[in-house]
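Trainee: Just the structure for this:
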Amino acid sequence: MIRSNLPEDRRAQLVEMIRQRGFASLPALAAELAVSESTVRRDLDFLEESGLAQRTHGGVFYTGPSPKLVHFDQRQSLHWDRKRQIAVAASRLIEDNDTVLLDGGSTTYELAQLLVGRPLQVVTNSLPVANLFTSSDSADLVLIGGYVHAKTGVSLGPYANQMLAGLRVRRAILSVAGASEQGFYNSNLLLVETERAMMHAADEVIVVADSTKFGRTSLAHLCDLGSIDTLVTDHEIASEWRARLEAADVKVIVADTVPNSASGTVGDRTLAKAAND
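Mentor: Coordinates of the predicted model:
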């Protein structure tokens, strides 16, 4: 690694180190950059304000843009603020020591970033999600195997489904590509089969989807509206969709945005409320 005394160069190197690992300890970062821990702390303060990293007990984890996969390049910047709001709201549904199954959607990846550092058992078929937890000593990680889809970095197909059939988790969190009156959809036939196996393995099925997904379909039908337990979405979801989901006995949780008066950005000041409280 080429080291520089310029703060902007050092911070760029720091971001890349954290991004590649998902989670890193402060002493390890200081040693690799050949600087003091106090210097790293100052740099991390800057990165936190920029939204690229978040410090937690024992180190720091990456919160910036998602991995350089086609899937994330195309989708992560699209409605990113809504995805982040939804992720914050969904993170509040997860209890410490839960066994959580996460798929490979872009909104689910945002959620995974918020869960790094918490004591959890994490099951996933997503290589990007798994990478976030590999350096965290607070989470037990189970990676589902099988055929790896190049665009998304997720494992699909019969081997993945067979492994899922032998597992049981408390909560499964899934992303979808669309929702109509007939139910939820995704864009890949193999993905839908694997997500159905995820649903069968879970005590509670949670879908995270922004409001733009409603009223549209995609290639493969995943399940009926009433086949899930909880939907987490943003505040722009239409009232008729909320009513339709509640009629199907789905709990709807809406992520409300509280603006940052200093910068006008949206961060962890997102509040979650249950629409059917």
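
Trainee: how close does residue 95 get to residue 146?
Mentor: Counting by Cβ to Cβ, to the nearest Å, the separation of residue 95 from residue 146 is 29 Å. C-beta coordinates here come from the backbone N, C-alpha and C atoms, glycine included.

Trainee: So those two - more neighbours on which side?
Mentor: residue 146 (19 against 12; other Cβ atoms under 10 Å).

Trainee: Compute the number of surrounding residues for residue 151.
Mentor: Around residue 151 there are 13 residues (other Cβ under 10 Å).

Trainee: Got phi/psi on it?
Mentor: phi -70, psi -30 (degrees, to the nearest 10).

Trainee: now residue 124
Mentor: Torsion angles, degrees, to the nearest 10, at residue 124: phi -150, psi 150.

Trainee: so what's it closest to, chain neighbours aside?
Mentor: Counting by Cβ to Cβ, 6 or more residues apart in numbering, residue 124 lies nearest to residue 102, which is 4.6 Å off, once chain neighbours are set aside.

Trainee: and the one you found, what does it touch?
Mentor: Residues near residue 102 by Cβ atoms under 8 Å, 6 or more residues apart in numbering: 108, 111, 112, 122, 123, 124, 126, 129, 172, 173.

Trainee: Mark out where each domain of the protein begins and ends.
Mentor: As given by automatic domain parsing, the domain ranges for the chain are 7-62, 70-274.

Trainee: Ranked by average pLDDT, which of those falls at the bottom?
Mentor: Ranked by mean pLDDT, those bottom out at domain 7-62, with a mean of 82.

Trainee: Pull up the gap between the nearest residue to residue 59 once chain neighbours are set aside and residue 56, please.
Mentor: What sits nearest to residue 59 in space, not counting adjacent residues and going by Cβ to Cβ, 6+ apart, is residue 25, at 4.1 Å. Distance, residue 25 to residue 56, using Cβ to Cβ: 11 Å.

Trainee: again with residue 120
Mentor: Taken as Cβ to Cβ, the span from residue 120 to residue 56 is 13 Å.

Trainee: intersection of neighbour lists for the two?
Mentor: By Cβ under 8 Å, 6+ apart, no residue touches both residue 120 and residue 56.

Trainee: So for the two, which residue has more residues nearby?
Mentor: Per other Cβ under 10 Å, whichever of residue 120 and residue 56 has more neighbours is residue 120, with 22 against 14.
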